[in-house]
Structures are given as C-alpha cells and as structure tokens.
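Engineer: dropping a prediction and its sequence here:
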Amino acid sequence: MSKPVNPVAVGGFTLGALALLVIGILMFGGAQYLNMDKIYYVIFFDSSLNGLEVGAPVKMQGVKVGAVTKISLQIDQKHAKVYKPVVIEIDRNSFVGAGGKPFAKGMTHEHQKQNRDRLVEAGFRARLEMQSLLTGLLFVDLDIFPGKPANYVGLEHQGLLELPAVPTTADELRNTAEEVAEKIRSLPLEQIVDNFGQTVKELRDLLSSEDVKTSRAALAKTLVEMEKTVSTLNRNLEPILRNTDKTMSNANALMQDSRELVQHVHGEVKPILATANQTLQAATVALNKAGTAVGTVEQAVGPDSTLNETLIALRQAARSLRDLTDYLERHPESLISGKDH
C-alpha cells in the first residue's frame, strides 16, 4: 500500500521550482526586461558589424546613455536575405526633464513609441563609429544627421521598437566611389580614345601642312615689320611730344594775355561809350530840331529840290549812327575783334 502524498512536500517542491526559474531568468539575462529603468530598441545596420561587440557603449551626442546587449543574424527565408539586428538598452536615468527632474518610470509601449517618433522627427539616427583606430572597436552613435531619411527595415524582432540607421562615413565614401566607377565604366571609353587619336592625327596633319607653314612665315614677317614701325614711331614721337608741350605752353600764355587785354579794353571802352552816348543824344536832339526845320523848308522848297535830298541823307546818317551806338553798347569787344558776320 502506497503512502499518501504530503501536501507540504508538494508545495515546497513547487516553490523551489519557481525560485529556480526566477533565478535562471535573472542569471541568463531575463532581468533586463524586468528593469523599469531600461528601454530597449533594435537597430538593423546595413554596414559591417566587424568590431562591434556586446557591451559596446551607446552614445548620444558624445554622452554614454546605454550599451549593446545583443547582436544576432536574422534570416528572411521569404526574400533570401540576412539582416543584422542589434539590440541596445538605454538607461533612462541618463536623461532628465525640465528643471533637472527625472522622467517618470514605468512607461508603456505606446509612450516609448511616441518618444521614439519624436527623436526620429528631430533628426536622430543610429550610426556605427570607431572607438579607437588602434583597436578597431565600434560603438553606436545616436546623433542628429540632417537630410538623412528615416529608413525602417520593418521586421519584427522580439517585439522591440526599431531605430532607423544610416551608413557609416566609410560606407558612404565607398558607395560614392562605386557609383563614380560605375558611371565611368558605362562611358564609351574605346570610342572616346579613338576619337581623341583621330583628333590628334588631324591636328598633326594641319600643323605640318603648307598653308600653316606659309601663314607662320607671313606672321613672322608681319611681326618684324610691326617691330620696325613701332621703333620708327618711338623715334618720331619724342620730338613731336616736345613740340606739343611747347605749343601748349605758348597757347596757355596767349590765352592769359588775351584775357588780360579784353579786361583792359573792357575797362577803357566803358568811358568812351558813355561819352559817345552823350554825344549821340545831343546829336539826336539837334537832328530832331533840324528835321523840324527841314519840314518847314520842304514846304517852301518842294520835294524835287537838292536841299530835300541832302536832308534825307542826313536823316539816314543819324539813324545809322544810332544803330551803331546800340550795337557798341551790347558788344564793346567788337572794337578789338571787329563785327561778327
């Protein structure tokens, strides 16, 4: 007859099994998912992971905020492609909010997604950088890369949110070099070389032709004649320039003398014109009186007499004298230079 099962023993065995399970989870990495101060993301790098190890630092703008916790290969059998997911943990204690206060703990998956989207919208991307040139070890750099699109692989990996990655500087340079090389390879190099050789041959034939030789000789002769002409001009221009300077000096002196003469004549003409004006005014009065007398005489003598012709001539002379006086008042310099025609 079998012994009855002891409930205490069964309960103790069950508790012991649960304790071993918890210890195993904590020992083999399960504790990371129970730590509320850690946030986990997955990054699918297209670059080589040679030099990246578990425990490598994760930095944001030069400040360490976490570490790499897992590196693996994920096979996409449907598309026959291999992906390299890298799991990183971010220590939430590395960040503080407004006023230096820590963020609230226990964020939900939705809150983590909202924070991830805000970081990506601000331009944050993940990129592998070199820790040291000597060791060749890499670290994950979270920084702002303006103009870099947020490309997501979109694969599910342990239910973690994905951070977009950008190629390393070396990869970008290599890709650019490959694109340039591809464009060079696509060029019709053989045809370009043939055309260049044909052009060189035609140029050589042109330079060795008789027309070019004749033109070159004519050009040399023209240059010699031009040199002789320039020498002749240099010899003849020197005395001409000296005479020109002397002529200009004489012209300046003549202009100065003429200016002084005009000023002197202008000063002398003024009193002469004043006297002539007075004389002409007196003559005008006398002529007016004479005209009155002539009118009286004309009535007695008649229009056909010699005296009448004399009086008419005298009147015309008075008019001409008056016109001359008016002209001299407007143009006194005509006494020196004469009347303009």
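Structural biologist: Looks like it arrived, so ask away. Numbers count the residues shown, from 1 in each chain.

Engineer: drop to CA atoms for contacts and neighbour counts, all remaining ones
Structural biologist: Will do.

Engineer: I'd say Val58 and Leu142 touch.
Structural biologist: Yes: proximity of Val58 to Leu142 meets the contact threshold set by C-alpha atoms under 8 Å, at 7.4 Å.

Engineer: now the common contact residues for those two.
Structural biologist: When contacts are counted by C-alpha atoms under 8 Å, 6 or more residues apart in numbering, Val58 and Leu142 have no shared neighbour.

Engineer: what pLDDT does Val10 get?
Structural biologist: For Val10, the model assigns a pLDDT of 51.

Engineer: could you do Phe103 as well?
Structural biologist: Phe103 is given a pLDDT of 67.

Engineer: got it, and the one 4 residues further on?
Structural biologist: Reading off the per-residue confidence, Met107 sits at a pLDDT of 70.

Engineer: what of Glu268?
Structural biologist: Here, the pLDDT recorded for Glu268 equals 63.

Engineer: tell me which strands the longest strand along the chain pairs with, and in which orientation.
Structural biologist: Ranked by residue count, the top strand of the chain under DSSP state E comes out as strand 63-71. Strand partners for strand 63-71, identified by DSSP bridges, are recorded as strand 57-60 (antiparallel), strand 85-91 (antiparallel).

Engineer: could you list the buried residues of it?
Structural biologist: By 16 or more other C-alpha atoms under 10 Å, the buried positions in strand 63-71 come out as Lys64, Val65, Gly66, Ala67, Val68, Thr69, Ile71.

Engineer: wait, which of the residues you listed is closest to Leu237?
Structural biologist: Ranking those by separation from Leu237, with C-alpha to C-alpha as the measure, puts Lys64 on top at 84.6 Å.

Engineer: hmm, Glu89 and the closest one touching each other?
Structural biologist: No: the pair Lys64 / Glu89 is not scored as a contact, 11.2 Å apart, by C-alpha under 8 Å.

Engineer: re the thing from before, okay if I get the buried residues of strand 63-71 as TSV plus distance to Leu254 and pLDDT?
Structural biologist: What follows is the buried residues of strand 63-71, written out as TSV (distance: C-alpha to C-alpha, whole Å; pLDDT from 0 to 100):
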residue	distance to Leu254	pLDDT
Lys64	95	93
Val65	97	92
Gly66	100	94
Ala67	101	95
Val68	102	96
Thr69	106	96
Ile71	105	94
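
Engineer: wait, which of these is closest to Ala220?
Structural biologist: Distance to Ala220 across the buried residues of strand 63-71 (C-alpha to C-alpha) is lowest for Lys64, with 77.7 Å.

Engineer: what's the nearest residue to that closest one if we skip its chain neighbours?
Structural biologist: Among residues not flanking Lys64 along the chain, Val58 sits closest, at 5.7 Å (C-alpha to C-alpha, 6 or more residues apart in numbering).

Engineer: any idea how far Ile43 is from Tyr152?
Structural biologist: Between Tyr152 and Ile43 the computed distance is 9 Å (C-alpha to C-alpha, to the nearest Å).

Engineer: please read the previous query as pertaining to Val200.
Structural biologist: In this structure, Val200 and Ile43 are separated by 57 Å, where distance is defined by C-alpha to C-alpha.

Engineer: do Asp257 as well
Structural biologist: Summarising the geometry, the distance separating Asp257 from Ile43, computed by C-alpha to C-alpha, is 101 Å.
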